[in-house]
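[1] sequence first, predicted model second:
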Amino acid sequence: MTIEKRQVASMNGKSDARTSSLEGILRAASDAGGTALRPVEKWDPPYCGDIGMEIRRDGTWMYQGSPIGRAALVKLFASILRKDADGRTYLVTPAEKVDVRVEDAPFLAVEMAVVGEGRAQRLTFRTNVDDVVTVDAEHPLRFEASEPDGGLKPYVLVRGRLEALCTRAVYSELVELAVAGDDGGEEVGVWSGGLWWGLRHPSPI
């Protein structure tokens, strides 16, 4: 039995159709080797249902109610994750796709690096699955109202339609970098990738 299969078996201590489906997904994902990103946007497999996979708002991956403890396994799943135009998120292989319930965002931005100043500033984020993205036109930064406290939640687009939610610590760092925009208005924002990202605008100004 492979390490991946042992991990699957230990998640719920039983074997059923959903576990078998997950093992098939693991085999397909592992065949490419490592945790390199797969061309999931090009794949169009049949939908094969819900196997009990979930990503909690704190970044924890769950399988049938139990947390997936191995970071390597989480990264493997993340490499075949896709969000479709219907708003649903899936694990995708060339042979099948299955639902993944996402409480908030599929990833967390856990670290931020700042290079340069002003218009030349570049903000680069590392996610909890070690994706690294720099905020620019292809990886926009957006802010959404946080209920019920009325604060803001910052998200950065990682790839496709998949976003990372900034942790509170990273959000605090963003706020410290906020400056007024060139239009002389009251709104503040941050520069990255040659664009100014307003803290209340869904897209760059």
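    Thanks, I have the structure now.

[2] helices of this protein, start to end?
    In the chain, the segments counted as helices under DSSP state H are 3-12, 17-31, 71-78, 168-177.

[3] by mean pLDDT, flag the weakest helix or strand of this protein.
    helix 3-12 (a mean of 47; mean pLDDT, DSSP states H and E).

[4] pLDDT below threshold where in this protein?
    For the chain, residues meeting the criterion pLDDT under 70 lie at 1-21, 28-36, 148, 150, 183-185, 201-205.

[5] what's the domain layout of it?
    3-102, 107-198 (automatic domain parsing).

[6] what distance separates the start and the end of stretch 131-151?
    26 Å (C-alpha to C-alpha, to the nearest Å).

[7] in it, what counts as buried?
    131, 133, 135, 136, 139, 140, 141, 142, 143, 144 (16 or more other C-beta atoms under 10 Å). The C-beta positions use only the backbone N, C-alpha and C, and glycine is treated the same way.

[8] redo those residues as TSV? Include distance to residue 92.
    Below are those laid out as TSV (distance: C-beta to C-beta, whole Å):
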residue	distance to residue 92
131	17
133	20
135	26
136	26
139	21
140	23
141	26
142	24
143	29
144	26
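
[9] sort out for me which of those residues are in strands.
    Among the buried residues of stretch 131-151, DSSP state E puts 133, 141, 142, 143, 144 in strands.

[10] specify which member of the buried residues of stretch 131-151 is nearest to residue 118.
    Residue 118 has its nearest neighbour among those in residue 135, at 14.7 Å by C-beta to C-beta.

[11] find the nearest non-adjacent residue to the closest one, please.
    Distances taken as C-beta to C-beta, 6 or more residues apart in numbering put residue 192 closest to residue 135, at 3.8 Å, once the chain neighbours are dropped.

[12] burial count for that neighbour?
    28 (other C-beta atoms under 10 Å).

[13] ok, now the one 5 residues further on?
    Counted with other C-beta under 10 Å, residues neighbouring residue 197 total 25.

[14] same check, this time on residue 112
    Residue 112: 19 neighbours (other C-beta under 10 Å).

[15] now residue 126: how far from residue 51?
    29 Å (C-beta to C-beta, to the nearest Å).

[16] neighbour-wise, which of these two wins?
    residue 51 (20 against 17).

[17] might one say that the more buried one is in contact with residue 96?
    No - using C-beta atoms under 8 Å, residue 51 is not in contact with residue 96, being 9.9 Å away.

[18] need the contact list for residue 46.
    For residue 46, the contact set (C-beta atoms under 8 Å, 6 or more residues apart in numbering) comprises 96, 97.

[19] could you number the chain from 726 rather than 1 from now on?
    Done: numbering now begins at 726, and the last item shifts to residue 771.

[20] OK, contacts around residue 823?
    So residue 823 contacts 746, 747, 750, 772, 773, 774, 775, 776, 778, 815, 816 (C-beta under 8 Å, 6+ apart).
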